[in-house]
Every structure is written in structure tokens, then in C-alpha cells.
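Asker: no sequence on this one, just coordinates:
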């Protein structure tokens with residue numbers, strides 16, 4: 001499938017109608033080049049990259065989706081929004097599901113960057129390049145029927161990314177004094193996910209490659225090994241992977257994620 005065809009399916013929320021593995025092909029590097037070609041097409045028509053999403057960092061889901069390593073895709077200005085503050089440590093917003101394909105919701109931790117990390121950045125050097133941390137809801141989507149795909153399909157499918165709603169942001173220095181402290185905080189944290197007021201699942205930060213900070217560190221190395229990929233920049237937003245399973249969405253649903261203090265909570269209505 002050409003980059004133009006991939007983008008057409010994305011814009012029209014159309015299923016590919018092909019068996020798993022056909023679109024992504026056998027080669028990881030080639031699948032990422034497909035995604036980068038789609039990225040270029042989106043930029044040419046005026047969309048602005050705002051950062052990245054990291055997917056399949058939650059090892060508890062690898063067997064279920066038959067994908068056994070993390071992957072990544074671009075976050076766009078057209079799908080990124082910031083929730084309005086509500087009570088202390090909480091925020092709320094809405095997510096437009098128009099033109100999404102088989103959308104599902106994931107509660108995640110989001111990082112905002114204040115600088116490009118140095119080459120071969122250690123955990124601590126990466127920590128020093130982070131500006132803020134926030135809870136977030138990523139809406140993921142798949143153009144493969146019933147979410148049956150190969151790993152390379154997900155790469156060619158723009159990392160399955162559709163939308164990102166960012167919750168209350170806190171300066172990283174307010175949460176931790178160094179990288180080890182942040183790693184421990186996020187690894188031990190819990191999230192409870194609610195749909196229409198009912199608890200549907202609980203998860204922990206350790207599910208995400210042992211912690212969202214470690215997921216970010218792993219991703220940075222992968223990104224820099226991909227020919228043509230754009231490095232992290234000041235102002236970039238990176239969402240690091242779901243703490244629970246990905247839950248199917250319908251217009252009218254109300255979702256809430258309550259993270260352990262001091263990470264805050266986030267609510268969203270699907271429209």
C-alpha cells in the first residue's frame with residue numbers, strides 16, 4: 001500500500017481489508033519508512049508534528065495482541081488537546097472520535113520536553129531534558145479488521161495513534177529530585193480506569209517497560225536509530241504507553257482515570 005493510500009484510509013476511517021502482515025510487510029525498517037512518508041504527506045498539507053507516541057510498552061498485553069516489542073508514531077497538532085483544570089490535581093475535556101477507525105482508549109503518562117536530550121543520554125540526562133509530566137488519554141485506532149495485525153502493520157499504521165488528551169501538567173522537579181526518584185515514583189504508581197462511573201480496570205506504571213521513564217529512554221534510542229526520523233525537540237509531547245488494556249470507545253462515553261497522588265486524574269467525554 002502506498003503512503004497516499006495509507007493516508008486515504010486514515011482520513012476516511014476505512015479498514016484496509018487485507019490480511020495481517022500485507023501492509024506492514026516483513027521488515028521493520030521498511031514499515032517505519034512507510035510511516036515517515038505518510039508523516040511527510042501530512043506535513044505538506046499543513047499538519048504540524050507535536051511529538052511522539054510509544055506503543056506496546058505494556059508487556060502484559062504482548063501475548064494478547066501478538067506484538068512483542070514497543071513501537072512508535074507521530075503525535076499531530078490536529079489530534080492533540082489539553083484538558084481544562086477542574087479540582088486540584090484533576091482536569092477534564094472531550095475527545096472527538098470523528099474519522100477514527102475502531103477507536104480504543106488508553107490511560108498513560110505524558111512527558112513534555114524542554115530540550116533535546118544529549119547523545120547517548122543516561123536516565124539522568126534524559127530527566128534533565130524533561131519539562132513536565134501529566135496523565136493522559138491516548139485514543140488509538142487500527143485500520144486492520146478486529147485489531148488483528150502484525151507488529152510492522154502497526155508501524156505502517158502511524159503507530160495506531162489517533163488522539164491525545166493531556167491532563168494536569170506538573171513540573172518534573174516538583175515530583176522528583178532525580179531520575180531514580182522519578183522512575184520509582186512512576187513504577188509504583190497505580191491507575192484506576194472508570195467508564196460511565198464504573199470501574200473497568202486497574203494498572204500500574206511498572207507495566208510500562210518497568211516505568212514510563214524507562215519507556216521514554218528506550219524509545220529515544222530506537223528513534224535515533226531510524227533513518228529519517230526527527231529527534232526529540234523542546235516542546236515535544238511524548239505519551240509512553242497504556243497502563244491497562246485498550247478499551248473500545250463509543251460516542252457519549254464518559255471516562256475517568258485516577259492516578260496515584262501526586263499524578264492527578266483526568267476525565268473525558270467522547271463525542
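Answerer: Right, received. Where do you want to start? Not measured: the values here are computed from a predicted model.

Asker: Mind checking what secondary structure residue 250 has?
Answerer: coil (DSSP: H, G, I helix; E, B strand; the rest coil).

Asker: Leaving out sequence neighbours, find the closest residue to it.
Answerer: Of all residues not flanking residue 250 in the chain, residue 270 sits nearest, at 6.6 Å (C-beta to C-beta, 6 or more residues apart in numbering). All C-beta atoms are positioned from the backbone trio N, CA, C, and that covers glycine.

Asker: List the contacts of that neighbour.
Answerer: By C-beta atoms under 8 Å, 6 or more residues apart in numbering, the contact list for residue 270 reads 94, 95, 97, 249, 250, 251, 252, 253, 254, 255.

Asker: ditto for residue 252
Answerer: Contacts of residue 252 by C-beta under 8 Å, 6+ apart are 269, 270, 271.

Asker: host element of residue 219?
Answerer: In this assignment (DSSP states H and E), residue 219 forms part of helix 212-224.

Asker: Quick check: next helix or strand after that helix?
Answerer: strand 237-239.

Asker: Leaving out chain neighbours, which residue sits closest to residue 113?
Answerer: Leaving aside its chain neighbours, residue 113 sits nearest to residue 236 (4.5 Å; criterion: C-beta to C-beta, 6+ apart).

Asker: Name the residues that touch stretch 53-63?
Answerer: Contacts with stretch 53-63, where a contact means C-beta under 8 Å, 6+ apart, come from 65, 67-75, 138, 140, 151, 154, 159-161, 164, 203, 207-209, 212, 215-216, 218-219, 238-246.

Asker: Look up how far residue 64 lies from the residue nearest to residue 127 when sequence neighbours are not counted.
Answerer: Leaving aside its chain neighbours, residue 127 sits nearest to residue 179 (3.8 Å; criterion: C-beta to C-beta, 6+ apart). Note on residue 179: its distance to residue 64, by C-beta to C-beta, to the nearest Å, is 31 Å.

Asker: residue ranges for the strands of the stretch 101-250 of the chain, please.
Answerer: 104-113, 130-140, 161-166, 170-171, 190-195, 198-204, 237-239, 247-248 (DSSP state E, counting those that start in this stretch).

Asker: So for the first one, mean pLDDT?
Answerer: When you say that, I think you mean strand 104-113. Averaging pLDDT along strand 104-113 gives 98.

Asker: what packs against that strand?
Answerer: If contacts are counted by 3 or more C-beta pairs under 8 Å, 6 or more residues apart in numbering; DSSP states H and E, strand 104-113 sits against strand 130-140, helix 212-224, strand 237-239, strand 247-248, strand 254-259.

Asker: Quick one, which of the ones you listed gets closest to residue 231.
Answerer: Nearest of those to residue 231, taken as C-beta to C-beta: helix 212-224 at 6.6 Å.

Asker: Show me which positions of the closest one end up buried.
Answerer: In terms of neighbour count (16 or more other C-beta atoms under 10 Å), helix 212-224 has its buried residues at 212, 213, 214, 215, 216, 217, 218, 219, 220, 222, 223.

Asker: what's the angle from that helix to strand 130-140?
Answerer: For helix 212-224 against strand 130-140, the angle by axes from the mean of the first three to the mean of the last three C-alpha atoms, to 10 degrees is 80 degrees.

Asker: what packs against helix 212-224?
Answerer: Counting by 3+ C-beta pairs under 8 Å, 6+ apart, helix 212-224 packs on strand 49-55, strand 71-76, strand 104-113, helix 123-128, helix 179-188.

Asker: what's the angle from that helix to strand 49-55?
Answerer: Going by the same axes, to 10 degrees, helix 212-224 makes 110 degrees with strand 49-55.

Asker: which residues sit against the least confident helix or strand in the chain by mean pLDDT?
Answerer: Every helix and strand in the chain was compared by mean pLDDT, DSSP states H and E; the lowest is strand 84-85, with a mean of 91. Outside strand 84-85, the residues that touch it by C-beta under 8 Å, 6+ apart are 91, 92, 93, 168.
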